[in-house]
Every structure is written in C-alpha cells, then in structure tokens.
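Novice: structure, please.
(3 chains)
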Amino acid sequence: MSDSLWGLTWSRFRRSKLATLALVYVGVATVVALLAPLLANRKPLLAKTAHGWSSPALADFWNAYPELDAPASPASFALPAPVPFSPNTIDLRARLEPPGNGHYLGTDDLGRDVLSRMIHGARVSLAVGYFATLIAVLVGSLFGALAGYYGGAADWLVSRFIEVVLCFPFLFLLLGIVALFKPSMMTIMIALGLTSWTSEARYVRGEFLRIREVEYAQAARASGARDGRIIFRHLLPNALAPVLVSASFGVAAAILTESALSFLGLGVALPTASWGSILSTAHEHIEYGWWLVLFPGLAIFSTVAAFNIVGERVREALDPRSD
Amino acid sequence: MLLLCIACGGGEKPAAPAVKAAAVPDDDRPRDGGTLNRRLDLDVATLNPIPSNSRHERYVTQLIFTPLIHIDRDLRPAPGLATSWEVSDDGLLYTFELNPKATFSDGKPVTARDVLFTLDRILDPASEAVQTAGSFVHLDRSRTRAVGDHTVEIAFRQANPTQLIKFNDVQVLPQHVYSKGNFRRDYNDTALGSGPYRLVRFVRGKEVVVERRQDYWEQKPYIQTVVFKIVQDHGTAFNALRRGDLDETIITSDTWIRESRNPESTKTIHFERFYTLNYNYIGWNNRHPLLRDKRVRRALSMSIPLDAIVNDLYHGTARAMSGPFTPDEWAYNPNVPVIRHDPEGAKKLFAEAGFVDKDGNGILEKDGRPFKVDLIVMQGSVSARQVAQMAQQELRKTGVDLNVVLMDGQAAIDRIMAGNFDAAYLSWELDPDPDPFNVFHSSQVPGVGQNFVYYNNPEADRLLVEARRELDRDKRRDLYWRLHEVMAEDQPYTWLIQVSLKWGVNKRVRGVVASRGFGYFLWSPGERDWWIAPGK
Amino acid sequence: MIVYVIRRLLYAVLTFLGITVATFVLIHSVPGDPITFFLGRAGTTTIPPETLAAIRAEFHLDEPLPRQYLHWVRGAATFDFGISIIDRRPVRERILEKLPNTFQLNFLAFAIAALLGIPIGLWSATRSGRLTERASAVGFFLLYSLPSFWVALLLMQFFSVRYDIFPLLGMTSDDYTELGTAGKLADRLRHLVLPVATMTYAQLAIFARFSKATLTEVIRQDFITAARAKGAGPATVLWHHAFRNALIPMITLLGITVPHLISGSVIVEQIFQWDGVGLLYIQSVLSRDYPTVMGLTVVTAVVTLLASLVADILYAFADPRIRLGERA
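Specialist: From the prediction side, this is the model:
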C-alpha cells in the first residue's frame, strides 16, 4: 500500500472526533502504563538526603525488586509521586477503606491503594493486550499466508486446523499452559496469542486469495522469484490493512480475556495487580466494596472500547466506499 | 485434609475448648419434633459412607448410619454400635460387643456379619475408601471373625494406639442390602443404615432430607426431620440464616467480623466460633539447596508477623501455631513458644547460614544463587492468598524473594505430592488421636506417605516410631512433647495459624454444644441433643 | 450441491475427531489427574497403593493414552460417555440434566438480543448519516466493549445488594419447594433477570451492528438503485429488496453466535452460580473429571460445527458461486 493511501486513511480517520479521542486515550493509557513507577509510588520522585539529590521512584525502573521497601534515608526535601502509594504495599489497618481519606479510589482487602494498583495494572493489561495480539498476528499471518498462497491441500489443512482451534476448550488450554509453566505475564501473553490468531489467519488468507492472482504477483512469479520472497515482499504488505484492523480489535479482546482470566484467579502471579485481579477481590466483597467493582471495571471498559473504536474507524477509513 | 479448608474462618485467644452456648437459654425442657434446616456447602457426591471422602457427606451419613464407636465431646471413644470393647494387652486384638437391640431401618438386626462385611468393603480396593482404607492396612483378615451374632474380634498385624478411634470410620452397612450389584456405583443415591434417621429424599444439587426412625433402638434424638440444603455460596447461606430458611451455617471471618456484633443479626442468630483440628502452614522443601539449613527455615519463620495476621487480618479470631500439634490436643507441648516476629534476628540467622546480599539489590545470595523461592498457593482460597501475600511482603524486607504462584488445586497437589516444589501454603486437618508418622517420618516421602517436604531427623524418626508403638497415653504424651520441641527447632514447616471456625445458629435451636476440636458435628451426641423451641 | 453438502459433512466429522483427540491429549497432559483429586481429599491418611491402582484401573488411566482414547471413542460411538469420576453417574445424564438450565439462559438471551437488536439495527441503517445513526453506532460499540463479568458484578451490587430487587445468585430461592406453580415460575423468572441481562447486552449490540451493516451494504448495491430508478418508493425498496437480501447474512450470524453463547455462559454461570453446563465445565476441569470434560467438549463441538455447517450450506444455497475453498 502506498504512502499516499496511508496518508489518505489517516486524514479520513481524523475526521471522526470520537475515534481521534479514542486514539488519544489509548496513547495516554499507554504512557501511564509505561510511567507507572513514577505516577504511583510511595517513594518520592525527588529527594534530598545526606547523599545529595536522588530520585528513588525513578530508580524503580531499574530495580529488579521494586516492591522491596528499603528503609528510606531521612530526606530533608521530598517531592512525592502523584499517587504516593506503591501498588503492593500491604497495610492491614487500612483494609477495605472506601475512597477518600488519602486513598483516592479506596483500598483492597489487604489495604493496598486501588488507584496505585490500577495504574500499575495498566502495565499488565496493555502489555498483555499488545504482545498477545502481536503473537496472534504473527501466527495468524503465517497460517493465513500459507493457506492463501498455496491453496489446495495447505488451505484445506489450515482451514480444518482453524476449525479445531475455534471449537477447542479454551479454558482447559489456558489452565494447562498456566499449570505447566507458572502463571506469569509471559505465560498469559503466549496463551492468549496462541488461541486468538484465527481471525487474523482468515483475513490474511482471504486477502491472499484475492490478490495472489493480480498482476504484480503473477509478474513476480513469472520472473522466477521464490515463494518466500513473493509472500513477504509483495503479498503480505498488501494484506496488512485488514490485519491492522483485526489487530486493533484483537488488543481489545486480549485485554478483555486477560481480565476475565485474572478475575477467575488464573491470571498473572501475585501480588502483581491487573484490572481483572482487582475485580476478583471485588467479587469476594460484593456486599460492601463497591469501589473495588466500579473503578477497575471502568478502566477495562474504557480501554477496550477505545481500541474497538479505533479499530472500527480504521476499517471505515480503509474502505474506499465509506463516506 | 489438604484441600478442604477453603471455607475456614478465623479463631481467637484460647477460649474454653467446649463451651456451653452461653446465649442459648436452657430454661425450658427439650421438646420433641420439628424440622431442622442444615446447610451443606457442596453437593453430595455419594451417600455411601465407605467411599465418601468429604466432611459434608459425613454430616449426612452420620445421621443415617452408626459407627462401631462414637467420639465423645472430649474426642474419646464412646459406645456406638458396640456397647463395649476390649483391647488385648499386645494391642493386636479388638473385641467389640454389639448392641443386641440395634436394627437397621428396614427392621433387620445388626449382626457381627454386617461388621465384617463393612470391614471387607473398606479393605477392598474397588470400594475406593480413600479416607478409611489407610487406617486398616494392617488388619489381619484371617484372624478377624464373628463370635456369635453380637461379638466381633478384629485382629491386626501391628499394634497402633490410634487404632481404636479409627473404628469411628466404620459406619456399619447392612450386608443384605449393600452386597448386591456394584458397591461403588450403585449405592451413591441411596442409604440404609442403623442410625437414628432414615433417608427420605436426595435431590442432587438441592437437598437431602432425613426423618427420625420410629423404631430407633437407642435414645431417639429430639428433632423429627432434618433437611440438608445444598447452598454453595457463603453470602447466600448467611442471608438464608438471617431469613430463617437455614438454621445453621458456617460463616466466613469477614461475615463474623461484621455481623456478630450487629444487633439486627444477634437478635435471631447465635454466633459461636471454635477451634477444630485444622491448621495452616507453609511447607518448605527441606531438600531444596536454599532451604536445607534449619537456621534458614527458622529465619524464614521469624520474618512472618503472625501477630499482625492474627490481630489485623483475622481480628483476633485465629491463633498462632508453634509446632505439629494444635493447642487443644494433649500432644501439644505448651512449653514450646510461638516464634516471634523478629526481622533483625532473621537477618542475622540468614547471615550465619551464609546468605549475604553481595550485589546490593536487596535480595540475599548464597554461592551466587539469589534467594528466590516459589510459594504454591491453591487458587480459590481467599485467606491463603491474603496470608501468602503478607508473607511475601515481609520476607522481601529480610531479603527473600518469595514468588507467590497461584495454581489450581489439582496441579498444585500433583507437584506437592511428588515433592516437586519449593514451598507450599497448605493446611492439615488432624485426626482426633494424633499420629503424625505419615507426615513427618523420613520413610514417608512422596510415593509412600505425606512427608512431601522431605523432613528428615533421626531423633524425630525415633520419637514417631516409638510413639505409635506406645499404648500408654502418658508415655505417648511425653514422646510427642519432645517431638514438638524437636520439630519446632527444625522448622520443616513454618507453622502459621489456626483459624477458628465460625458458625451462626438460629436461636430457636437449643441444646447446641460444641466439642473440643470437632465443633458442632461428627461427635456424639452432638446434634442429636439439639431441639427446637416452639415458635412465637 | 449434494456433493458439496456431503463433503462439508465429512469435513465436520473429521474436525470433530480432531477436536476430541486434541482435547483428550490436552486434558491428560495438564498436571493433576483424578488421583490427585483423591489424594487431596484423603488428608493425613495415606491411601493404600491398591486403592489408587483400583481407581486408575476403573478409568483406564493405567493404559497408554491411545488405548484410553479408543476406549472413549468406542463408548462415544454409542453415546456412552462413561461415568463421572466424582459421583459415578453417567456423564450423559449429568450433562442432560444441566443442559436445560443453560438452554433457558441462552435461549432467553438470544431471543431478546435478536428481537431488540435486529430491529434497532435495521432502523438505524435507514437513518444513514443522521445523528441518531451515528449515536447508535457508538452506543453499540460501547455495549459491545463492556466486560460481562463487570456488568454482572454491577448488576448484583445495584439490584441485589443495594436495592434487593432481584436475587443475588442461584437459580431458585431457598423456599422454592414450598411455592405453588405460579410462585415457582415467578421465582425462577426473578432469578433469570440478572444473568440474562448480562448475557443479552453484548449479543444485542452484535445483532444491531451486523444487521445495520448488512442492510447498508445491500442498499448500496446496484439492484436497489435500479429498483429505485424504476420508481419504487423507498419503503417498497426497503421491504421487497433490501431486507430480503440482508436476511441470508443474518442467518449466518445466528449460526456464528450460537457457540459463543455457550462459551459465554461459563463466566456468567460461574458468577451467578447458575447450575448449567458452564458451571459443570469449570467444576469438572478443576477436579480433573476427564469423562465429564470430554462429554462437554463433545456438546460444544457438535453445536459449533452444526452451526457453521448450517451457515455454510445456507450460504451455498443462496449463492451458487460459492464453492468449497473460497471460504474457510
């Protein structure tokens, strides 16, 4: 696809205010996730101690064990982080406190600050969303490309395989993967990636079927180019647009699935917060902990909605017939 | 029991072990009749007491069947089907005299042959008597026989002081009923025994209804009908208790904390809590290179603030453990102190054992290996998850990276029982007469017994073997008190807490008494002495 | 045409076998098995090895995996899916007694979603370009993005905990057995409201979006323009041409949604403790009840394959150009 088409798509995309807003939201959420240790941390952003100026919060980026609370050296000046709580600091005396009282969004059943956990949870949710989708796109494109390019037996096999994956007891697969390799962010990403590539595969396959007979592919083949070269240099870039759309929906779906898994207690390792795991605490305290239900759910919902809106708009913008 | 402690609540300061329910006025005399609505928190898989493997099923079968002997309020043997018994001096031969009046609910008398039939079913691997077969592996079937209609001689190849209490698990079945068809498959939905109640109805996933036998051969219980309702969710169960749809239910620690002082609730509900023979612990794999040294394990224990867990998480409704026995048992050595929370002391001990933080990242290392340990926690247990995360936070302060791994129950047991783990957060449900041989003897490693932490101490081995041969209670106590000391020193586990079970009972139910270590049920007379006050 | 149908059917059978093999291998390779279930139940007592061996033998767990699978297939061929490891009842019986509960939930959710969603979608398609159309499009999207477990919790919190309008969970009240027929029906309906609402909203959004998209597509096609050029009124055009042509993709959608309903009900049943196959599935997975898991896999696979088969065949009927190989 030529640069001008991308440019055209972009200008069409921008015509929707809502989609632009959603894109901005996605950007902000990503930045929040990246900067989480600076935004929510019980250690100050900037501190002046006997050893001079330092930034204990910044140091958490490189600290392999940021939860470790080393006794802070007395500071003569300290600039606290916007949310002055670390996500995993347990305070049993502040269990299940409603919003206010220093904790903007309340505390959970171990007295941990919910806002701080949500900010750090954004890292998990978004990372899982992005990387699981990346895996899904890679795997899906591979299978889709094989099926669409070679057709015949390859296509038949891939199509059957997709059907099997679609009917597969997803929960068992995830349970198995989590049990075999310890629950961690990596495990979840891989598990989600390996179970959600089917729609990408279908798109790529369809796109390949459509374009493999068009002139430039024929020409490339006639000039003796190898299959791999044709696939990667000519066909794949052209199939990129629908994959992009499907990837955007994919991120939304992956975020949703991750939070559902954490909600069921099968998510990332403790004490790492994810939006779903905060919600699962809420489930246990449904009778009074309304703040545990409302806020993390809102975060999941708005992020999923934003990715869906962006994906939808990209689809429309790529469709030459729409507005 | 490894798995079953999901519902467990908390405990508190040593309460008198068996308190007469103070809030229940006993002024008027017990009355006959009425319906008691009880709660089961899981569906009943089988009503056949031999393959049954869970406590809530036992609640039901306890009323329909009669065991050879009962357990009384102080966890001592009491007459059941057997009115008396004799144990030979060498502890190998048990002679039971059956109650000649005893009949099954179909009117047929209970005979010695029924007892033998039941023992045979327990011994038959095809019955899958997972909870009882292990107690009768040394039974000598060739010398076990019926002497007349009402006397049974049961012989063993090995003496065991805890054997007598195991006859509580022999809930005698009528041979003329249970000998037909496939024993394991055909008797899950029916039940016919010699207990005070007979089965009226069993609707899977919904309820079990039993009714008092008119022809019961012993003193009849007061209550006419008992309805066991299957209510899985604790919150729903508590609401049902408040509405009066249930008369009793176990409640969670959080419900207890909120409701036991709420006048709305205490108007109709009697709240009580008691300690059972259950405790929580972290089992350390004693063969693990980082955990092999007992100083290390002690330092790990010293890093965990049990007092904060007891007071802040459980609001005082739990108590700290000091070793392999619970405070209500005679085997518990009161002179062994609970390990105090002492992070500084822990750091010193770690240093002594050769752990130092050379690279300054806050995590100790030894021989270049960082102190990283995976703690398996079974998914689904809220309290385990909370305590484990506390332990994790506190251990990081002393330089240990404890990685909490939530696993589904089966995967966790699979790894633990194979000894393939670093550490695990678990709980035990102990037997009324203690014998921790299978759990701590060095021969009982995975594949043989339950010593999956690979605890190995020759002195402990000797004490365990001697104690299970010793028939004299006082001598056994001395041996176990010493064992308690030895194990507290070795810390193969970090013994954490005993969480008291919390119960709510409708105040219309009277005569409610808890037993030492068993709570309301599974002892005699237990709920058979309950009665229902007339409604207003 | 018949050849095509037969071929599709053959593929479906093949895929079905593939699913069962894959599931079988997977459940047996996940750590933990029925034995660990009993080990966990035994507590401090050591289970004699003979007892464990007897359990293994009863469920053929002591045989090589291919043999175990053959045992299973042999049974499954006669609709005998074995007995449950937990309560020794036939798996078929266990599933059949839960299916109506799940069906109730799904059918209501599906029907409400379709009855509300399709008209809304069609209506908004006719309002192309207007504000209401765009607003409804955004609305569908937001609905679709709502996590069901969150909605469930919010509904529970609001309607049960705070205002006590609907029951928190379960299928019936404690006093259900004492109620009269009308009381029973009312009680069941009250319990259905929250779970059905949870399952409906996303479905509704999908229906609305899809029907809108299809109709918009059809309207753009040439023959509509032609019909319009011939002087047919807009209403006539819509009814006689557009809707009819939008119908086929709609049927396809119904086919695609059915399997999702089943998998979607797992979480809803879990949260609301709704005693259906979803809850049974989770419980069976967690207790490694292999026969029940296999039985449930068969049910979901059959439903999914049938749905896609029907959809494919309908497609082929509607459009003869479609031949095998042009659709996955």
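Novice: what parts of the stretch 151-300 of chain C come near chain A?
Specialist: Taking C-beta under 8 Å from any C-beta of the partner chain as the measure of proximity, the stretch 151-300 of chain C contacts chain A at C:153-154, C:156-157, C:161, C:168, C:220, C:259, C:263, C:266-267, C:270-271, C:281-282, C:285, C:293, C:296-297, C:300. (Each C-beta comes from the backbone N, C-alpha and C, glycine too.)
Novice: if you set the cut-off to 10 Å instead, what comes out?
Specialist: Where the stretch 151-300 of chain C comes near chain A, counting by C-beta under 10 Å from any C-beta of the partner chain, the residues are C:151-154, C:156-158, C:160-162, C:168-169, C:209, C:216-217, C:220, C:259, C:263, C:266-267, C:270-271, C:278, C:281-282, C:284-286, C:293-294, C:296-297, C:300.
Novice: please pick the buried ones from these.
Specialist: Buried members of these, scored by 16 or more other C-beta atoms under 10 Å in any protein chain shown, are C:151-154, C:156-157, C:160-161, C:168-169, C:209, C:216, C:259, C:263, C:266-267, C:270-271, C:278, C:281-282, C:284-286, C:293-294, C:296-297, C:300.
Novice: ok, longest helix in the chain?
Specialist: You didn't say which chain, so I picked chain A. Under DSSP state H, the helix in chain A containing the largest number of residues is helix A:114-150.
Novice: ah, no, chain C please
Specialist: In chain C, ranked by residue count with DSSP H as the criterion, the top helix is helix C:181-220.
Novice: which ones among the buried ones among the residues of the stretch 151-300 of chain C next to chain A lie within strands?
Specialist: The strands, defined by DSSP state E, take in nothing from these.
Novice: my guess is B:Phe350 meets B:Asp342, correct?
Specialist: No. In this structure, B:Phe350 is not within contact of B:Asp342 by C-beta atoms under 10 Å, at 12.0 Å.
Novice: any residues in contact with both of those two?
Specialist: Between them, B:Phe350 and B:Asp342 share the neighbouring residues B:299, B:302-303, B:398, with contact defined by C-beta atoms under 10 Å, 6 or more residues apart in numbering or on different chains.
Novice: restrict those to contacts with chain A.
Specialist: Restricting these to those near chain A - C-beta under 10 Å from any C-beta - leaves none.
Novice: widest-spaced pair of the residues you listed?
Specialist: For the shared contacts of B:Phe350 and B:Asp342, the farthest-apart pair by C-beta to C-beta is B:Met302 and B:Thr398; their separation is 8.1 Å.
Novice: which neighbours do these two share?
Specialist: Residues within reach of B:Met302 and of B:Thr398 at once, by C-beta under 10 Å, 6+ apart, are B:342-347, B:349-350.
Novice: burial of the residue in chain B positioned nearest to chain C, as a residue count?
Specialist: Residue nearest to chain C within chain B: B:Gln410 (2.8 Å; C-beta to the nearest C-beta). Applying the criterion other C-beta atoms under 10 Å in any protein chain shown, we find 26 residues in the vicinity of B:Gln410.
Novice: that one and C:Arg41 touch, don't they?
Specialist: No. With contact defined as C-beta under 10 Å, B:Gln410 does not count as touching C:Arg41 (11.3 Å).
Novice: still on that earlier bit, between the shared contacts of B:Phe350 and B:Asp342, which has the most around it?
Specialist: Among these, where neighbours are counted by other C-beta under 10 Å, the top count belongs to B:Ala299, at 29 neighbours.
Novice: I figured that residue hits B:Glu394, correct?
Specialist: No. With contacts counted by C-beta under 10 Å, B:Ala299 stays clear of B:Glu394, the gap being 11.8 Å.
Novice: are we agreed that B:Ser194 is in a strand?
Specialist: No. According to DSSP: H, G, I helix; E, B strand; the rest coil, B:Ser194 belongs to no strand; its state is coil.
Novice: I'd assumed B:Val172 was in contact with it.
Specialist: Yes. Taking contacts as C-beta under 10 Å, B:Ser194 lies within contact range of B:Val172: 6.4 Å.
Novice: joint contacts of these two?
Specialist: B:65-67, B:80-81, B:102, B:104, B:110, B:114.
Novice: list the contacts for C:Leu179?
Specialist: When contacts are counted by C-beta under 10 Å, 6+ apart, C:Leu179 touches C:172-173, C:185-188.
Novice: please indicate which of these are buried?
Specialist: Applying 16+ other C-beta under 10 Å to those, the neighbour count classes C:172-173, C:187 as buried.
Novice: and those residues, which is closest to B:Asp186?
Specialist: For these, the residue nearest B:Asp186 by C-beta to C-beta is C:Thr172; the value is 29.4 Å.
Novice: quick one: the closest one and B:Ile250, what's the gap?
Specialist: Here C:Thr172 is placed at a distance of 22 Å from B:Ile250 (C-beta to C-beta, to the nearest Å).
Novice: near chain B, which residues of the stretch 1-150 of chain C?
Specialist: Along the stretch 1-150 of chain C, the residues adjacent to chain B under the rule C-beta under 10 Å from any C-beta are C:30-55, C:57-58, C:83-90, C:94, C:97-98.
Novice: where does chain B dip in pLDDT?
Specialist: B:1-27, B:536 (pLDDT under 70).
Novice: now with 80?
Specialist: For chain B, residues meeting the criterion pLDDT under 80 lie at B:1-28, B:360-361, B:380, B:535-536.
Novice: mind listing what the closest residue to chain B within chain C touches?
Specialist: When you check chain C against chain B by C-beta to the nearest C-beta, the closest residue turns out to be C:Gly32, at 2.8 Å. Listed by C-beta under 10 Å, 6+ apart, the contact partners of C:Gly32 are A:175, A:179, B:407-415, B:417, C:39-40, C:286-288.
Novice: strands - which of the residues you listed land there?
Specialist: Among those, the members falling in strands (DSSP E) are B:Met407.
Novice: so which of the contacts of C:Gly32 are in helices?
Specialist: The subset of the contacts of C:Gly32 that ends up in helices is A:175, A:179, B:409-415, B:417, C:39-40, C:286, with DSSP H as the criterion.
Novice: host element of A:Leu292?
Specialist: With the criterion set as DSSP states H and E, the secondary-structure element containing A:Leu292 is helix A:290-318.
Novice: report whether that helix contacts chain C.
Specialist: Yes. Applying C-beta under 10 Å from any C-beta, one finds that helix A:290-318 is in contact with chain C at A:290, A:292-294, A:296-309, A:311-312.
Novice: would you list the buried entries among the residues you listed?
Specialist: Burial by neighbour count, 16+ other C-beta under 10 Å: within the residues of helix A:290-318 next to chain C this picks out A:290, A:292-294, A:296-297, A:299-301, A:303-309, A:311-312.
Novice: now the residue positioned nearest the centre of chain A: how far from chain B?
Specialist: Nearest to the mean C-alpha position of chain A, by C-alpha atoms, centre = their mean, lies A:Gly129 at 1.8 Å. According to C-beta to the nearest C-beta, to the nearest Å, A:Gly129 and chain B sit 21 Å apart.
Novice: does that residue touch A:Ser274 like I think?
Specialist: No. The pair A:Gly129 / A:Ser274 is not scored as a contact, 11.0 Å apart, by C-beta under 10 Å.
Novice: what touches both of those two?
Specialist: A:255, A:258-259.
Novice: B:Phe422 is in contact with B:Arg292, isn't it?
Specialist: If you look again at residue B:422, you'll see it is Asp, not Phe. No. Because the distance of 11.8 Å does not satisfy C-beta under 10 Å, B:Asp422 is recorded as not touching B:Arg292.
Novice: who has more neighbours out of these two?
Specialist: With neighbours defined as other C-beta under 10 Å, B:Asp422 and B:Arg292 compare such that B:Asp422 has more, 19 against 14.
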